[in-house]
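> Sharing a model that was predicted from the sequence below.
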Amino acid sequence: MKNSALVLLFFILFNIIGCNKPTKEVEQKPNIIYVLADDLGYGDISSFNENGQIKTPNIDQLASDGIKFTDAHTSSAVCTPTRYSILTGRYNWRSTLKSGVLTGTSKALIPNSRSTVASILKKQGYHTAFIGKWHLGWNWALKHKDSTLGSGWNATDFDNIDFTKPIKNGPNDLGFAYAYGHSGSLDMAPYVYVENGNITIAPDSITENTGKYSWWRKGPTSKDFIHDDVTPNFFRKSFEYIAEKAKDDNPFFLYLALPSPHTPILPTKEWLGKSNLNPYADFTMMIDAYMGQLTKTLKQAGIEDNTIVIFTSDNGCSPQADYDVLKAKNHNPSYIYRGHKADIFEGGHRVPFIVKWPNKIKQGVTSKETICTTDFMATCAEISGHKLLDNEAEDSYSLMPIFNQKKLSKPFREATIHHSINGSFAIRKDEWKLIMCAGSGGWSFPRPDDKTAIDSLPKYQLYNLEKDPSETHNVIALNTEKVEELKSLLTKYIVEGRSTPGKPQQNDSISFDWKQIKFIE
């Protein structure tokens, strides 16, 4: 009996101690929403431009509620390359695409073997969704396997697509559990929605628009693909997805890739004329209103506090916005910066970048650290607990130290590489920016094809962005040591296949001459 009593007493004490022992609470992983606008300029968001004439109260509120980055950059000054880098954490020029963009008929740029933000988050228990403009290529089913598709610029380029069969090598093959969107830009045919690999409705007509702002190329169009309603449709789909996933215990990742305010510039009737500027400004205001609805959706679902919302653009504003009309009304989409979409100058790749995460990020923070859209993947890896391999996110730095307001002992990034539409390079380190071409590398003066202008200029350009943010004074002749330092670092990043610490990697193999790196000796 004595032994039994002792055993009983020990059991009671053990349970009392066990019950009172503090347990480490498991921190719930946050939901992540990445909203990517298309061709939205740095100066088009009023909280980034004190002289801006476009009213964006909802996006401004997002910035007030979180952190605003004033020195954020896309990896490229055009669409496809930037999207590649956001999803892979790798500079776009390491892929086979060395210049330009894909079209609506292009094959998949990202191989299924490469890790993406979606694939690593999926492994970490996230439900992953893509809604919007893909523009990274996928493989259409063909009517005649021995024939190919056209390049995607002409109405006849789509004749060999079999719209009754699934696509291959699309978003679902790169980690997205749910995918709904269209293949290229909203002005690139075919104009069909693809949901989880299947065309929702096969096209039964050919459409074209020749308006100054509203134009789109001639091509096959489905009944459910209404150009004016594409942006509203993507937002509606996103709101439904958020409301549904808010009921689950598992976190979600939503990549909402907008096709706007890229051409065709199509503000709905409700917004047409609201800006008193032009349709581009109207379209931007419409996007702002939908961002307000997104915030409201999160609040109503009760998940606002532990949801990260990132809002940015894929490059600078396009000339299609009509800079002359906007500047005549005192609005500059590029703010104080030189150039616009496609250019190696700041206006081509410096973008508004906002992150709101109530549970972690203090309100009203402004960061002047230089960051890049490639940094998204390493950030998600740290948040989700994924340890990156050497061949993952080779050019990505986690933003968590900035989110946590840690005092940095050195600049967040050692250096950042920029890229223009024609594949020209630039490298930014601290206040210095070295451009490896004589002109814009894009669409503003001096254009690459303007031989007279280019031949009259120095071969390269060097700017001190702290003293000269508008890149008006090329000081390359006065700083030869700085030029050699930056050129050497750029060469190292290219040759070693990565710009972050780790084992050197290989850039994707190509069968053509990479003429844009002739500066490497």
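Now that the structure is in, tell me what you want to look at.

> where's Gly43 relative to Met436, distance?
According to Cβ to Cβ, to the nearest Å, Gly43 stands 26 Å off from Met436. Every residue, glycine included, has its C-beta placed from N, CA and C.

> Compare the two (neighbour count), which wins?
Gly43 (26 against 23; other Cβ atoms under 10 Å).

> Now that one: phi and psi?
Phi and psi for Gly43, reported as degrees, to the nearest 10, are phi -80, psi 0.

> How about it, nearest residue that isn't a chain neighbour?
Nearest-residue entry for Gly43: Tyr335, 3.4 Å, with adjacent residues in sequence omitted and distances by Cβ to Cβ, 6 or more residues apart in numbering.

> Likewise for Glu496?
Pro504 (4.3 Å).

> what does Leu389 give?
Ser115 (7.4 Å).

> isn't that neighbour right up against Thr88?
Yes - between Ser115 and Thr88 a contact is recorded at 7.4 Å, counting by Cβ atoms under 8 Å.

> who touches both of these two?
Ala393 (Cβ atoms under 8 Å, 6 or more residues apart in numbering).

> all strands for the stretch 1-150 of the chain, in order.
Here the stretch 1-150 of the chain has its strands, by DSSP state E, counting those that start in this stretch, at 31-37, 67-73, 127-133.

> oh, I was asking about the stretch 301-450 of the chain
So, for the stretch 301-450 of the chain - with DSSP E, counting those that start in this stretch - the strands run 307-313, 350-356, 365-367, 371-372, 416-419, 425-429, 432-435.

> for the ones you listed, which one sits closest to Trp93?
strand 416-419 (5.6 Å; Cβ to Cβ).

> Sheet partners, orientation included, of the closest one?
Strand 416-419 has these partner strands in its sheet, going by DSSP bridges: strand 425-429 (antiparallel).

> Leaving out chain neighbours, which residue sits closest to Lys360?
Nearest residue to Lys360 in three dimensions, chain neighbours excluded: Phe403, at 5.7 Å (Cβ to Cβ, 6+ apart).

> do Gln53 as well
Of all residues not flanking Gln53 in the chain, His331 sits nearest, at 3.9 Å (Cβ to Cβ, 6+ apart).

> Give the buried residues for stretch 214-230.
Buried residues in stretch 214-230, counted by 16 or more other Cβ atoms under 10 Å: 214, 216-217, 219-222, 225, 227, 230.

> mind putting these in CSV, pLDDT included?
Formatted as CSV, the buried residues of stretch 214-230 follow (pLDDT from 0 to 100):
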residue, pLDDT
Ser214, 98
Trp216, 98
Arg217, 98
Gly219, 97
Pro220, 98
Thr221, 98
Ser222, 98
Phe225, 98
His227, 98
Val230, 98
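
> Looking at those residues, which one is closest to Pro166?
Nearest member of the buried residues of stretch 214-230 to Pro166, counting by Cβ to Cβ, is Ser222, at 15.4 Å.

> Just the pLDDT at the residue nearest to Ser147 when sequence neighbours are not counted, thanks.
Nearest residue to Ser147, sequence neighbours excluded (Cβ to Cβ, 6+ apart): Asn160, at 5.1 Å. Here the pLDDT value assigned to Asn160 is 96.

> where's the nearest residue to Gly125 once chain neighbours are set aside relative to Tyr126, distance?
In space, and not counting its chain neighbours, Gly125 is closest to Asn250: 5.6 Å by Cβ to Cβ, 6+ apart. Going from Asn250 to Tyr126 by Cβ to Cβ gives 7 Å.

> Check Ser47 too.
30 Å.

> what do you get for Asp314?
Counting by Cβ to Cβ, the gap from Asp314 to Tyr126 is 23 Å.

> These two - which one has more neighbours?
The neighbour comparison of Asp314 against Tyr126 (other Cβ under 10 Å) goes to Asp314, with 30 against 26.

> who touches the more buried one in this structure?
Contact analysis of Asp314 by Cβ under 8 Å, 6+ apart lists 36-39, 74, 78-79, 82-83, 351, 373.

> Ala289 now?
Neighbours of Ala289 in contact, by Cβ under 8 Å, 6+ apart: 58, 271.

> now the helix or strand hosting it: how far from the chain's centre is it?
Secondary structure assigned from DSSP states H and E places Ala289 in helix 279-301. Here helix 279-301 is found 18 Å from its chain centre; the criterion is Cα atoms, centre = their mean, to the nearest Å.

> same check, this time on stretch 32-44
The answer for stretch 32-44 is 8 Å, by Cα atoms, centre = their mean.

> got the end-to-end distance for that stretch?
24 Å (Cα to Cα, to the nearest Å).

> what is the mean pLDDT for that stretch?
Per-residue pLDDT over stretch 32-44 has a mean of 98.

> and what of stretch 278-285?
Stretch 278-285 comes out at a mean pLDDT of 98.

> sorry, back to before: tell me which of the strands of the stretch 1-150 of the chain lies nearest to Tyr180.
Among the strands of the stretch 1-150 of the chain, strand 127-133 sits nearest to Tyr180 (Cβ to Cβ), with 5.2 Å.

> per-residue confidence averaged over stretch 367-381?
In this model, stretch 367-381 has a mean pLDDT of 98.

> Now it: buried residues?
Quick answer for stretch 367-381 (16+ other Cβ under 10 Å): 367, 369-381.

> how about the CA coordinates for stretch 299-312, as CSV?
Backbone C-alpha positions of stretch 299-312 (Å, rounded to 0.1, in the frame of the first residue of the first chain) are rendered in CSV as follows:
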residue,chain,number,x,y,z
LYS,A,299,-10.5,43.4,-42.1
GLN,A,300,-13.9,41.8,-42.6
ALA,A,301,-12.2,38.4,-42.7
GLY,A,302,-10.5,39.1,-39.4
ILE,A,303,-7.0,38.4,-40.8
GLU,A,304,-5.6,41.9,-41.3
ASP,A,305,-3.1,41.9,-38.4
ASN,A,306,-1.2,38.8,-39.5
THR,A,307,-1.3,39.4,-43.2
ILE,A,308,1.6,40.9,-45.1
VAL,A,309,0.5,43.1,-48.0
ILE,A,310,3.2,44.2,-50.4
PHE,A,311,2.3,46.7,-53.1
THR,A,312,4.7,47.7,-55.9
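
> roughly how far is that stretch from the heart of the chain?
Worked out by Cα atoms, centre = their mean, stretch 299-312 lies 18 Å from the chain centre.

> One more: stretch 459-473?
For stretch 459-473, the distance to the chain centre is 26 Å (Cα atoms, centre = their mean).

> Tell me the pLDDT of Lys406.
So Lys406 comes in at 86 (pLDDT).

> count of neighbours near it?
Neighbour count of Lys406, defined by other Cβ under 10 Å: 9.
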